[in-house]
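Student: here you go, sequence then predicted model.
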Protein chains: 2
Amino acid sequence: MGRRSSIGEGELIEALSRVFRDTGYDGATLSILSEETGLQRASLYHRFPGGKEQMAKEVLAVTESWLTENLFDPLKTDAPIDERVQLLVQKLDALYSGGKQACILNMLSSASDYEGPFACAIKRIFEALIEALSQLATEQGTAKAVGQARAERVVMLLHGSLVLSRGTGSQKPFERFLEALPEELLGRH
Amino acid sequence: MGRRSSIGEGELIEALSRVFRDTGYDGATLSILSEETGLQRASLYHRFPGGKEQMAKEVLAVTESWLTENLFDPLKTDAPIDERVQLLVQKLDALYSGGKQACILNMLSSASDYEGPFACAIKRIFEALIEALSQLATEQGTAKAVGQARAERVVMLLHGSLVLSRGTGSQKPFERFLEALPEELLGRH
DNA sequence: GTTTTGTTACCGAACGAACGGTAAAATATA
DNA sequence: TATATTTTACCGTTCGTTCGGTAACAAAAC
């Protein structure tokens, strides 16, 4: 395998992720992707013969496995609930850089395109996220339905706070969401 | 003023709104905008000398005044609170077509571009929405700070439910948000 | 009451630039 | 040498934008 490349597989996907997340699919031109990865357009096509669409697909695939390994699975320990919820808060805070970054799921969702090339992956990630939170919420005797509803609401609040933070140019909404998360998820008012 | 136009000012902005809302700023090509408005590219430039950017700006301006006249102001009557909240629910349901449509504020927010051409208008609309809901929430003796927090949370839930509905291809999340809205805003648990 | 002039709305054609994508040569790794 | 990777140069298409001109209507001039 001949490689003199200055950029590794992980960093490559990371750079692509960043561009797609910050500019959306249409905004992510090959010039920007090339610039940000340090690879020429043709080099990108060597690694992703399927072009821009394949890049976005692989970004979503990596995002899914990353979330599974670094967020969903670590939440499944037998540590105390409050400890795990605190871990969730920390992970989300890091994942979205305190509300500065948008969510790639939102940025790659095309409104008109319900059967778009990414619809399946996006849907699966959303459902996995809700499921993970739901398991957290129901592990203290809470009814399954109630826990699921709380999990869905937390996901709504998460993405809503990100939209609001981006729209108002302030991280405050996201920070307030993180603060309210434990009570929202566990239902202690 | 000579005019043989087939499309009125209102319908024009409406068509442009639809395209920007469904495809985002980058996705809204002049070809699509031309197709959807029934005006040739050159004709669009006659009405909007500033080009695509001016179109989006005017769409946002019309959106802002529309919301003020048709949502914020009608909420300021002296009708019973529950009646007004019910009105809010109906208006939101119609505005987003039951969760089928995305929000143009989200679609025109560019992540990387905190000082983008639409940032000010978007921020203003978000804050006006929160303010309108906040007034509703505090008109029953609720403390100002509490009402404001509830209003912000409702806005988060609104946009989060839209993101989730779009991402999962289901209107359910938005519907569940609408159902929960009164309790969320007025704090009756 | 015509004719002229000016204004407004619209369109077809074209512009340069950038788009996503490709082929083959060049270069690095093994 | 053989293979993997990057590079250079280019393809056709579409992008946002502009230009020249035409049809319709209103005001002014005759």
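Tutor: It's in. Numbering: from 1, shown residues only, chains lettered A, B, ... in the order given.

Student: low pLDDT regions in chain A?
Tutor: By pLDDT under 70, the low-scoring segments of chain A are A:1-6, A:113-114.

Student: repeat the analysis, applying 50 as the threshold.
Tutor: Counting by pLDDT under 50, the ranges of chain A that qualify are A:1-5.

Student: pull the residues that contact stretch A:165-183.
Tutor: Residues outside stretch A:165-183 that contact it (C-beta atoms under 8 Å, 6 or more residues apart in numbering or on different chains): A:82, A:85-86, A:88-89, A:92-93, A:96, A:98-100, A:102, A:154, A:157-158, A:160-162, A:164, A:188-189, B:105-106, B:109, B:111, B:114, B:119, B:122-123, B:126-127, B:149, B:152-153, B:156. For the C-beta atoms, the positions are set from N, CA and C on the backbone; glycine is no exception.

Student: now which of those residues would you call buried?
Tutor: Members of the contacts of stretch A:165-183 that pass the buried threshold by neighbour count (16 or more other C-beta atoms under 10 Å in any protein chain shown) are listed as A:85, A:88-89, A:92, A:96, A:99, A:102, A:154, A:157-158, A:160-162, A:164, B:105-106, B:109, B:111, B:119, B:122-123, B:126, B:149, B:152-153, B:156.

Student: now intersect the contacts of stretch A:165-183 with the strands, please.
Tutor: Per DSSP state E, strands hold no members of the contacts of stretch A:165-183.

Student: immediately after the top helix by length along chain A, which helix or strand?
Tutor: As far as residue count goes, and with DSSP state H defining each element, the longest helix of chain A is helix A:144-168. Proceeding C-terminally, helix A:144-168 gives way to helix A:172-186 as the next helix or strand, assigned by DSSP states H and E.

Student: what distance separates that next one from the centre of its chain?
Tutor: 17 Å (C-alpha atoms, centre = their mean, to the nearest Å).

Student: can you give me the buried ones in stretch A:142-150?
Tutor: Buried residues in stretch A:142-150, counted by 16+ other C-beta under 10 Å: A:142, A:147, A:148, A:149, A:150.

Student: just the CA atoms of it, as PDB, please.
Tutor: Output in PDB follows, covering the C-alpha atoms of stretch A:142-150 (Å, rounded to 0.1, in the frame of the first residue of the first chain):
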ATOM      1  CA  THR A 142     -40.200   4.700  35.300                       C
ATOM      2  CA  ALA A 143     -42.800   3.200  32.900                       C
ATOM      3  CA  LYS A 144     -41.500   2.400  29.500                       C
ATOM      4  CA  ALA A 145     -43.900   4.800  27.700                       C
ATOM      5  CA  VAL A 146     -43.100   7.600  30.000                       C
ATOM      6  CA  GLY A 147     -39.300   7.100  29.600                       C
ATOM      7  CA  GLN A 148     -39.600   7.000  25.900                       C
ATOM      8  CA  ALA A 149     -41.600  10.200  25.800                       C
ATOM      9  CA  ARG A 150     -39.000  11.900  28.000                       C
END
